[in-house]
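A.B. asks: structure of the sequence below:
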Amino acid sequence: MSQASTRAVRPAIAADLPHLPAIERSAAQAFRGVGVSLGPDISPASPDTWRPALRGGTLWVAESEAWRIVGFLAARKINRVLHIDEVDVAFDQQRRGYGRALLGAAIAWARKAALKEITLTTFRALAFNRQFYASAGFMEFAPDRVPARIASLLSREANDGFDPAERCAMMLRLQESR
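C.D. replies: As a prediction, this is how the structure comes out:
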């Protein structure tokens with residue numbers, strides 16, 4: 001399998017937005033048969049969902065060697081924190097380094113912006129989720145240390161049908177708090 005290069009990742013442009021639902025739908029195939037609950041009606045977000053990230057410069061896409069968009073990472077800046085909302089790589093392109101390249105682009109952006117940390121929520125037990133982020137330096141928040149905005153997000157996810165026992169919140173500290 002070929003590995004994605006960091007050159008395969010670029011900031012998204014408006015013309016990329018219509019491609020994102022198909023990538024999200026394809027990426028969801030990785031959850032089949034792995035024993036997690038995705039809720040009763042999980043469907044891809046509309047392209048407009050990602051417009052704020054596009055405007056904020058926190059939406060990146062990964063392109064294959066054939067210039068096809070095969071993945072994306074959408075995040076948002078909240079004060080001095082970058083929160084990752086979504087990372088998806090098309091099912092047939094997974095395990096080729098695109099997810100890691102997307103994550104690397106977000107981390108580099110956050111460092112350049114002098115942010116203090118990156119946060120996200122993900123599935124706790126899946127190797128391609130929590131363990132993937134842990135391998136990049138993310139740590140799971142201790143239950144008594146989950147920030148209020150993350151606790152609220154986890155609660156919203158539960159209301160959307162995600163099993164709270166399967167979810168966790170993680171963060172990557174980029175610099176000491178000031």
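A.B. asks: for Glu86, list each beta-bridge partner.
C.D. replies: Beta-bridge pairing for Glu86 (DSSP bridges): Ala74.
A.B. asks: wait, doesn't it sit right on Val61?
C.D. replies: No - with contact defined as CB atoms under 8 Å, Glu86 does not reach Val61; the gap is 12.0 Å. In short, each C-beta sits where N, CA and C put it, glycine included.
A.B. asks: list the contacts of the residue nearest to Leu103 when sequence neighbours are not counted.
C.D. replies: Once flanking residues are discounted, Leu103 sits nearest to Ala136: 5.7 Å by CB to CB, 6 or more residues apart in numbering. Residues in contact with Ala136 (CB atoms under 8 Å, 6 or more residues apart in numbering) are 100, 103, 107, 172.
A.B. asks: return the set of buried residues in the strand or helix carrying the second one.
C.D. replies: Read it as Leu103. Using DSSP states H and E, Leu103 sits within helix 98-112. Neighbour counts over helix 98-112 (16 or more other CB atoms under 10 Å) mark 98-107, 109-110 as buried.
A.B. asks: out of those residues, who's nearest Trp67?
C.D. replies: Tyr98 (13.7 Å; CB to CB).
A.B. asks: could I get the contacting residues of that closest one?
C.D. replies: With CB under 8 Å, 6+ apart, Tyr98 has these contacts: 4, 8-9, 62, 70-71, 89.
A.B. asks: nearest to Cys168, of those?
C.D. replies: The closest of the contacts of Tyr98, once distances to Cys168 are taken by CB to CB, is Val89, at 20.4 Å.
A.B. asks: against Arg68, how distant is the closest one?
C.D. replies: 12 Å (CB to CB, to the nearest Å).
A.B. asks: between those two, which is the more surrounded one?
C.D. replies: When neighbours are counted by other CB atoms under 10 Å, Val89 and Arg68 differ, and Val89 comes out ahead with 27 against 12.
A.B. asks: quick check, the more buried one in contact with Ala62.
C.D. replies: Yes - when contacts are counted by CB under 8 Å, Val89 is listed as touching Ala62 (6.9 Å).
A.B. asks: thinking again about what came up before, C-alpha coordinates for the helix holding Leu103, CSV please?
C.D. replies: Extracted C-alpha coordinates of helix 98-112, given in CSV (Å, rounded to 0.1, in the frame of the first residue of the first chain):
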residue,chain,number,x,y,z
TYR,A,98,-4.4,10.0,4.8
GLY,A,99,-5.9,10.3,8.3
ARG,A,100,-2.5,10.8,9.9
ALA,A,101,-1.7,13.4,7.2
LEU,A,102,-4.9,15.3,7.9
LEU,A,103,-4.3,15.2,11.6
GLY,A,104,-0.8,16.4,11.1
ALA,A,105,-2.1,19.4,9.1
ALA,A,106,-4.5,20.3,11.9
ILE,A,107,-1.8,20.0,14.5
ALA,A,108,0.6,22.2,12.5
TRP,A,109,-2.1,24.8,11.9
ALA,A,110,-3.0,24.9,15.7
ARG,A,111,0.7,25.3,16.6
LYS,A,112,1.2,28.1,14.1
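A.B. asks: with that, I have no additional questions.
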